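Participant: Mind folding the following:
(chains A and B)
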Amino acid sequence: MTDELIEALLAGEHRALARTITKIEDRAPGYRELVSRLHEHTGDADVIGVTGSPGAGKSTLVDKLAEAYREQGLTVGVIAIDPSSPFTGGAVLGDRIRMASNTGDMDVFFRSMSARGSLGGLSTATTDAVKALDAFGKDKVIIETVGAGQNEVDIVRTADTVAVLVPPGSGDDVQMLKAGILEIADLFVVNKADLDGADRTVHELREMIEGRRNEVAVATGHHGAVETEPDGTDTDTDGEHSWTPPIVETVAKTGEGVGELCSVLEDHAEYLTASGQLEAKARSRYAAEIRTLLREDASDLLAAEVDRRGGIEAFVDRVMDRETDPYAVSDEILAPIEECVRERRDT
Amino acid sequence: MSADQEQRTIRCLVGKVGLDGHDRGAHVIARAFRDAGFEVIYSGLHKAPDEVVQAAVQEDVDVLGISILSGAHNTLVPRIMEGLEEYGALDDTLVLVGGIIPDEDRDELLDSGVARIFGPGASMDEIIEFVRENAPER
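Facilitator: Sure, this is the predicted structure:
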């Protein structure tokens, strides 16, 4: 079953790719082996994360970006993530409606995913779905998600390049960005640049980026010694590679500025390769992935052990009665496992 | 959330096909499916059969609900069914048709692989129940 699916996926069957992603999302039996076997075929796609507040124009821009890549003869995979109801688990995944430029073109593989209310699980599923698209042979993989909260930040971290969309308007939006989004942005896109207030938003963003750059420069001992090249790459006094997030203005609806966005994305890809950041990012991503899997697997093992010993409620009863305490319970359950690990290690 | 806990969720595509701008029904169905805990992808208006097929295949939906009020069902529905067949998706996709379908056309649609036709007056509970019971096992 897994053999057939992998074979069909690598042979370029869309249905097999779709089914693989479903298995990943459902965590269906055998999905681990599936993802394991995909790994050796991955590593060739450029992964781009697109995030921004609701209504910023992410879906429309992703549509136009996919169209631009298709014109270059590249194949594209898109994963669009929408929130799901925490009560019913249901969701309306609406991003597909915006993919108007690429309908009928099977070489743009667009997949909607819902958050399914999982804690952290979503970033695992997203990472695995990206692997499926990568192994399938997509040149560019775009992940689109609303940029709010830690979960979302984790998702865009699975991308090589992160574009943060900022709609023109109140300066408060830019203020909001300070809390966490600024750090993950490799570039900013002021979309709907034909609207009033776009200039101001660009100005405010630029000020914020400058401010941050100076902070970094001071912190690393480069006192204002950083020169910005027009293309966004920096040549500082040490001649090292560094990157300052450029700001691109677009009107996604008409496609204005999408060409420039493509070339900035290309610049960043080149910077990542030249500076060694691409490898460093991949390494830290795999480290995080291993840690997450270990944590989840260990947690499963422990949950099974708790069940075997009569369930968590039985332990809670004893804690409530002051017979024992949470730390002692944890030690009690972990002790045999620790012992087992120690024995195995010695032999 | 554990890595191995299976989280099967029914995925549906609600599709509007052809020159038919009446999407109130499609919206109501989409919301009802969402509230029933399904994941719903809405195609948007005026889609060609190819586009609906592309969406159904890529999204790997369990259920494809085609909303059609224009009277062109005899042309459009078979083209969708052929498209699904082409991608090997016909066997395990539950295809439903909602809208105004004259009695004399029903058998032909059902023969082409449509699982059920829901006309005016079909209750939401009835549709959701049908989806829950008939969503393909995968």
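Participant: Would you agree residue A:198 is in contact with residue A:249?
Facilitator: Yes: look at residue A:198 against residue A:249 with CB atoms under 8 Å: they come within range, at 6.7 Å. Heads up, the C-betas are built off the backbone N, CA and C, glycines and all.
Participant: overlap in contacts of the two?
Facilitator: By CB atoms under 8 Å, 6 or more residues apart in numbering or on different chains, residue A:198 and residue A:249 have these common neighbours: residue A:190.
Participant: Against residue A:158, how distant is the residue lying closest to residue A:23 once chain neighbours are set aside?
Facilitator: Spatially, and ignoring its direct neighbours in sequence, residue A:23 is nearest to residue A:31 (4.6 Å; CB to CB, 6 or more residues apart in numbering or on different chains). Distance, residue A:31 to residue A:158, using CB to CB, to the nearest Å: 17 Å.
Participant: More neighbours: which of those two?
Facilitator: Taking other CB atoms under 10 Å in any protein chain shown, residue A:31 and residue A:158 do not tie; residue A:158 has more neighbours (24 against 21).
Participant: what's the helix or strand for the closest residue to that one other than its chain neighbours?
Facilitator: Among residues not flanking residue A:158 along the chain, residue A:127 sits closest, at 4.9 Å (CB to CB, 6+ apart). According to DSSP states H and E, residue A:127 maps onto helix A:121-136.
Participant: mind saving the C-alpha coords of that helix as CSV?
Facilitator: Output of helix A:121-136 as CSV, limited to C-alpha atoms (Å, rounded to 0.1, in the frame of the first residue of the first chain):
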residue,chain,number,x,y,z
GLY,A,121,0.6,19.1,15.6
LEU,A,122,-0.1,21.5,12.7
SER,A,123,3.5,22.4,12.2
THR,A,124,4.3,18.7,12.0
ALA,A,125,1.6,18.1,9.5
THR,A,126,2.7,21.1,7.5
THR,A,127,6.4,20.1,7.5
ASP,A,128,5.4,16.6,6.3
ALA,A,129,3.1,18.0,3.6
VAL,A,130,5.9,20.2,2.3
LYS,A,131,8.0,17.1,2.1
ALA,A,132,5.4,15.4,0.0
LEU,A,133,5.3,18.4,-2.4
ASP,A,134,9.1,18.5,-2.5
ALA,A,135,9.4,14.8,-3.2
PHE,A,136,6.8,15.1,-5.9
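Participant: Give me the below-cutoff pLDDT ranges for the stretch 1-150 of chain A.
Facilitator: Residues of the stretch 1-150 of chain A that meet the criterion pLDDT under 70 lie in A:117-122, A:147-150.
Participant: Which positions in it make contact with chain B?
Facilitator: Neighbours of chain B within the stretch 1-150 of chain A, by CB under 8 Å from any CB of the partner chain: A:14-15, A:18-19, A:21-22, A:25-29, A:32, A:84-85, A:88-94, A:96-97, A:100, A:103-104, A:106, A:109-112, A:114, A:116, A:118-121, A:124.
Participant: Give me the buried subset of the residues you listed.
Facilitator: Among the residues of the stretch 1-150 of chain A next to chain B, the ones that count as buried by 16 or more other CB atoms under 10 Å in any protein chain shown are A:14-15, A:18-19, A:21-22, A:25-28, A:32, A:84, A:89-94, A:96-97, A:103, A:109-112, A:114, A:116, A:118, A:121, A:124.
Participant: Show me what residue of the stretch 151-300 of chain A gets nearest to chain B.
Facilitator: residue A:296 (3.9 Å; CB to the nearest CB).
Participant: Count residues in the vicinity of that residue, would you?
Facilitator: Per other CB under 10 Å, the neighbour tally for residue A:296 reads 18.
Participant: tell me the pLDDT at it?
Facilitator: pLDDT recorded at residue A:296 is 84.
Participant: Now the phi/psi pair for it, please.
Facilitator: phi -70, psi -40 (degrees, to the nearest 10).
Participant: With residue A:258 instead?
Facilitator: phi -70, psi -40.
Participant: Which residues are in contact with the residue nearest to residue A:158?
Facilitator: Residue A:127 makes contact with A:158, A:285, A:289, according to CB under 8 Å, 6+ apart.
Participant: Filter the buried ones among the residues of the stretch 1-150 of chain A next to chain B down to the ones in helices?
Facilitator: Of the positions in these, A:14, A:15, A:18, A:19, A:21, A:22, A:25, A:26, A:32, A:121, A:124 sit in helices, assigned by DSSP state H.
Participant: Chain neighbours aside, what residue packs nearest to the third one?
Facilitator: Closest residue to residue A:18 apart from its sequence neighbours, by CB to CB, 6+ apart: residue B:60 at 3.8 Å.
Participant: Regarding that neighbour, which helix or strand does it belong to?
Facilitator: Using DSSP H and E, residue B:60 is not contained in any helix or strand.
Participant: That one is in contact with residue A:24, isn't it?
Facilitator: No: if you go by CB under 8 Å, residue B:60 and residue A:24 don't touch, sitting 10.8 Å apart.
Participant: What is the neighbour count of residue 60?
Facilitator: Reading this off chain A. As a burial measure, residue A:60 scores 23 neighbours (other CB under 10 Å).
Participant: other chain: chain B
Facilitator: 23.
Participant: And it, how far from residue B:105?
Facilitator: 29 Å.
Participant: picking up where we left off before, for the residue nearest to residue A:23, give me its contacts.
Facilitator: A:23, A:24, A:128.
Participant: Quickly list what the nearest residue to residue B:31 once chain neighbours are set aside is bridged to.
Facilitator: Ranked by CB to CB, 6+ apart and with sequence neighbours excluded, the top spatial neighbour of residue B:31 is residue A:92, at 7.2 Å. In this entry, residue A:92 is beta-bridged to residue B:40, by DSSP bridges.
Participant: ok, residue A:92 - contacts?
Facilitator: Residues in contact with residue A:92 (CB under 8 Å, 6+ apart) are A:82, B:30, B:31, B:34, B:40, B:41, B:42.
Participant: most surrounded residue in the residues you listed?
Facilitator: The contacts of residue A:92, ranked by neighbours (other CB under 10 Å): first place residue B:41, 30 neighbours.
Participant: Residue A:18 touches residue B:58, doesn't it?
Facilitator: Yes: with contact defined as CB under 8 Å, residue A:18 counts as touching residue B:58 (5.5 Å).
Participant: Please enumerate the shared neighbours of those two.
Facilitator: Common contacts of residue A:18 and residue B:58, defined by CB under 8 Å, 6+ apart, comprise residue A:111.
Participant: which bits of chain B sit near chain A?
Facilitator: Neighbours of chain A within chain B, by CB under 8 Å from any CB: B:1-9, B:11, B:30-31, B:33-44, B:47-48, B:50-51, B:54-55, B:57-60, B:87-89, B:138.
Participant: Taking those, please make a ChimeraX selection of just the buried ones.
Facilitator: Applied in ChimeraX, the following selects the buried portion of those according to 16+ other CB under 10 Å:
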select /B:2,3,7,9,11,30,31,33,34,35,36,37,38,39,40,41,42,43,44,47,48,50,51,54,55,57,58,59,60,87,89
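Participant: Please flag which of the residues of chain B next to chain A sit within helices.
Facilitator: B:30, B:31, B:33, B:34, B:35, B:50, B:51, B:54, B:55, B:57, B:58.
Participant: tell me which of the residues you listed is nearest to residue A:50?
Facilitator: Compare each of those with residue A:50 using CB to CB and the shortest gap goes to residue B:58, at 18.4 Å.
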